[in-house]
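Asks: Structure for the following, please:
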Amino acid sequence: MKNTKLTAVKLIPNILTISLPTVRSWIFQNKLPVVRLGRKVFVRKEVIEKIDMVRIFCSSLSIPNLNNHAKLNGIH
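Replies: Numbering: from 1, shown residues only. The predicted structure follows:
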């Protein structure tokens, strides 16, 4: 088994710009894979790095905010 680094769920908001309730919601919805050791819950470092890379990539795209687009066109 390869050596996997784990990050406590409560520390994820310090690494990514998301709130702890969002992290917990993703866990509850099975959108975020976790490792449970007793009552403690962790996320693999590789998963956090992938989320961060996707976030950076998406923020670099020049896609207009869809909510603003809908408001401008009277859809919202």
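
Asks: Quick check: the gap between Val35 and Ser59.
Replies: 28 Å (CB to CB, to the nearest Å). Glycine gets a C-beta too; all of them are placed from N, C-alpha and C.

Asks: do the same with Thr17
Replies: 10 Å.

Asks: what packs against the longest helix belonging to the chain?
Replies: Ordering each helix of the chain by length in residues (DSSP state H) puts helix 45-60 first. For helix 45-60, the packing partners by 3 or more CB pairs under 8 Å, 6 or more residues apart in numbering; DSSP states H and E come out as strand 6-8, helix 12-15.

Asks: Contacts for it, please.
Replies: For helix 45-60, the surrounding residues in contact (CB atoms under 8 Å, 6 or more residues apart in numbering) are 4-7, 12, 15-17, 32-33.

Asks: Would you mind writing the CA trace of that helix as CSV?
Replies: The C-alpha coordinates for helix 45-60 follow below in CSV (Å, rounded to 0.1, in the frame of the first residue of the first chain):
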residue,chain,number,x,y,z
LYS,A,45,-4.1,15.1,-0.1
GLU,A,46,-4.4,14.0,-3.7
VAL,A,47,-8.1,14.7,-3.7
ILE,A,48,-7.6,18.2,-2.2
GLU,A,49,-4.9,19.0,-4.8
LYS,A,50,-7.3,17.9,-7.7
ILE,A,51,-10.1,20.1,-6.3
ASP,A,52,-7.6,23.0,-6.2
MET,A,53,-6.3,22.4,-9.7
VAL,A,54,-9.9,22.3,-11.1
ARG,A,55,-10.8,25.5,-9.2
ILE,A,56,-7.7,27.3,-10.5
PHE,A,57,-8.4,26.1,-14.1
CYS,A,58,-12.1,27.1,-14.0
SER,A,59,-11.3,30.6,-12.6
SER,A,60,-8.8,31.2,-15.4
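
Asks: Per-residue pLDDT of the residue most central in space within the chain, please?
Replies: Central residue of the chain (CA atoms, centre = their mean): Ile51, 5.5 Å from the mean position. For Ile51, the model assigns a pLDDT of 88.

Asks: Good, we can wrap up now.
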